[in-house]
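> Provided below for reference: sequence and predicted model.
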Amino acid sequence: MAAAAATETTTATSGDVPQYVKLVSGDGQEFFVERECALLSGTIRAMLEGPGNGVTREEKEQTLPFRDISGPVLEKVVQYFYYKRKYQKASLAQDTPEFVIDPKIVLELLMASNFLDA
């Protein structure tokens, strides 16, 4: 998805907090997501901003593995993060287009979104 842009711009302007987070699916697909979008997930926010006492290497490098989420489902989750950021301030429901979901992944997507608190 945004892999090319993410590799070129991995550091933020303030401090040493990266602008992008790498999410890795159970089947090894990698998704570079803007940190601002990734933080829309309560679970990801807790993983990135939680207490730093037992910080793992992955968290320090801003790489978060999700072994129980498949690539196609994690890709749809990432699409939703960007959709939500874009339309969360829409004043009317008619201003917000439908977020299309493939019926084949609905159940798996529901479980992933529940786990990610998205």
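Everything's here; your move.

> can you pull up the most central residue in this structure?
residue 38 (3.8 Å; C-alpha atoms, centre = their mean).

> do you have the helices of this protein handy? List them.
For the chain, the helices defined by DSSP state H cover 3-8, 35-38, 42-49, 57-60, 71-87, 106-116.

> pLDDT below threshold where in this protein?
In the predicted model, the chain carries pLDDT under 70 at residues 1-17, 52-61, 93.

> let's see that with 50 instead.
Applying pLDDT under 50 to the chain picks out residues 1-14, 53, 57.

> quick one: residue 74 and residue 31 touch, right?
Yes. In this structure, residue 74 is within contact of residue 31 by C-beta atoms under 8 Å, at 6.2 Å. C-beta: built from backbone N, CA, C; applies to glycine.

> mutual contacts of these two, please.
Taking C-beta atoms under 8 Å, 6 or more residues apart in numbering as the criterion, residue 74 and residue 31 both touch 23, 25.
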